[in-house]
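> Test case, fold it:
(one chain, ligands or ions: 2)
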Amino acid sequence: MGNQSGIKFENSYALLPKEFYARVNPESMPKVNIVNLNTELAEELRLNPTWLIQDEGIKFLSGQEIVTGSEPLAQAYAGHQFGTFVPQLGDGRALLLGEIKDINGNKRDVQLKGSGRTPFSRNGDGRATLGPVLREYLISEYMNAINIPTTRSLAAISTGETVIRERQLPGALLVRVASSHVRIGTFQYFHARQMTSELKILADYIIGRHYPSNLWKGNVYLELFRNIVKKQADLISHWMSIGFIHGVMNTDNTNVSGETIDYGPCAFMDRFQFDKVYSSIDHTRRYCYQNQPKIILWNLTRLAETMLTLIDTNVDTAIEKAEEILNEFPKLYEDFWVRKMSSKLALCKTETVDKGLVENFLNLLHDENLDFHNSFYFLGDLLEAVQLKESMTSDHQKTIKTIESSNWYISWRKRLMSEKVDQTELTKRLRLQNPSAFPRNHLVEQALNSAIYDENMNPFKDLLAGLMNPFKERSLQDPFAHSPKSSEEITQTFCGT
Ligand code: AMP
Ligand code: MG
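Ligands and ions are numbered 1, 2, ... in the order given. Below you'll find the predicted structure:
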């Protein structure tokens, strides 16, 4: 494809040594169709949405025609999967088309997920199916809507193929956008092969792309490591503050840019339990909700191991310097977490008692098996002393009464006094910090089933529209306000690869 599109593509990754990737073109797909286009993101990327839905645009989005400047490639990476090191993973069903500069002048990777086999496919077919593609679309766009760093979804595309999984399913592609796709596993790939100069090239690439190293003093690679650690501490504290369970926190699914990536069997909790797991393959509960901060520290330690030769020529000195940063992680994470969680309780000034207050609230939710989001959302109603309305279900009433009659509630009210602001301000803070909508598993499942089995995209579009307005005041009748009934509850989620 020539330059009719006006898209200015580059692929800086293709300029790196050939060991970093394999050049592959997307496979041809019989009948590509846009299932959902993210026009807002398209505009942010300076892509014309009207062109994108025309024949040429669809061919571009689905990788059926390659725009000048784009050089499709599959990135090489390794990774620890559930604690076991796999020296070669790589993009087995994804291709990086290249980068586009967005309206803010930032380079954004455009990647196709589900575009066919690559040299990294191992036994996989390189394909994706509609369910997981729509799931990633919904959840990644929701994360963005609530200001959590994430890869984005530009388009979901049906390929016209049937893909064989446990049954025959419609094939699909996700056009994914990220500030980059370098993972801890990318560092591990070169480390495992003792390719020290490639490690340096990779680290320099990441510094050039993401970090203002001109502001750094001293050892740039140590500073790079420090910055990645900080971004991950912030990211995971975000996840924890919204009851998000990633489900596959393997090192190949940890992006060094600090964006949430690879939405497989992830889920948001309805009823709060510290050790909650949804993923069907997480038999040992390795990636359960409360383990996520520990796991990211484990992953960052694996990253540190790959960077030692860059940090110092003397290995003992390098270990000492990296350990110093890793040892700071618990405090760093806790500070992010306490700040985020206490702001969900309408507290702005951070005080020493706040950590305990947050922990006690979560203990209450856990002990009483209360709905995570409703519990936070109802705090606003409690402050305004809203009478238990008729429209409240018994579950809503139980949540409110349990919180209101707890010792925790007395401590919280007392603590709110020291904020020295009026009730309207407190309620406003609560509403701003606690979304009324989130991708409840059973709602997501219903929307995806309609798309897959009834070819009806309306439930998906309605759900997406609701999720794009996460802080709107919603009535208690709203589907987002209800925990699933036991017949609706989704207890397991699947990778769906
Ligand atoms: P994930 O679990 O999605 O993070 O993927 C882990 C690894 O498996 C990555 O190297 C993927 O590229 C690869 N993979 C997942 N699904 C497929 C598939 N259908 N075909 C080929 N490779 C796949
Ligand atoms: Mg992955």
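> List the first helix or strand encountered after the helix or strand encompassing Leu235 toward the C-terminus.
Using DSSP states H and E, Leu235 sits within helix 220-241. Where DSSP H and E defines the elements, the next helix or strand beyond helix 220-241 is strand 244-245.
> Show the pLDDT at Lys389.
Note for Lys389: predicted pLDDT of 72.
> the helices in the stretch 1-150 of the chain, which residues?
Counting by DSSP state H, counting those that start in this stretch, the stretch 1-150 of the chain has helices at residues 39-44, 49-52, 55-61, 130-145.
> right, so the ones you listed: which one is the most enclosed?
helix 130-145 (a mean of 24; mean count of other C-beta atoms under 10 Å). Glycine gets a C-beta too; all of them are placed from N, C-alpha and C.
> other SSEs contacting that helix?
Under the contact criterion of 3 or more C-beta pairs under 8 Å, 6 or more residues apart in numbering; DSSP states H and E, helix 130-145 touches strand 33-37, strand 152-164, strand 168-178, helix 441-453, helix 458-467.
> okay, the ones you listed, which one's buried deepest?
Highest mean neighbour count of the helices and strands packed on helix 130-145: strand 168-178, a mean of 23 (counted as mean count of other C-beta under 10 Å).
> Any part of the helix or strand that comes right after that strand near ligand 2?
Using DSSP H and E, the helix or strand that follows strand 168-178 towards the C-terminus is helix 184-192. No: Helix 184-192 lies out of reach of ligand 2 by C-beta under 5 Å from the ion, never closer than 8.4 Å.
> What residues does the stretch 51-200 of the chain have near ligand 1?
By C-beta under 6 Å from any ligand atom, the residues of the stretch 51-200 of the chain that approach ligand 1 are 89-93, 120-121, 124-127.
> Selecting buried members of those residues in PyMOL, what would you type?
Buried members of those can be picked out in PyMOL with the line below, counting by 16 or more other C-beta atoms under 10 Å:
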select buried, resi 89+90+91+92+93+120+121+125+126+127
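> Out of the residues of the stretch 51-200 of the chain next to ligand 1, flag the one nearest to Ile400.
Each of those was checked against Ile400 using C-beta to C-beta; the closest is Arg93, at 46.2 Å.
> got a list of what the closest one touches?
113-118, 121, 124-128, 497 (C-beta atoms under 8 Å, 6 or more residues apart in numbering).
> avg pLDDT for the helix or strand hosting Ser411?
Element membership for Ser411, per DSSP H and E: helix 407-417. For helix 407-417, the mean pLDDT works out to 97.
> what helices or strands is the helix or strand just after it leaning on?
Downstream of helix 407-417, the first helix or strand assigned by DSSP H and E is helix 423-433. Under the contact criterion of 3+ C-beta pairs under 8 Å, 6+ apart, helix 423-433 touches helix 315-344, helix 372-383.
> just the angle between helix 423-433 and helix 372-383, please?
Per axes from the mean of the first three to the mean of the last three C-alpha atoms, to 10 degrees, the angle that helix 423-433 makes with helix 372-383 is 170 degrees.
> Alright, that wraps it up for me.
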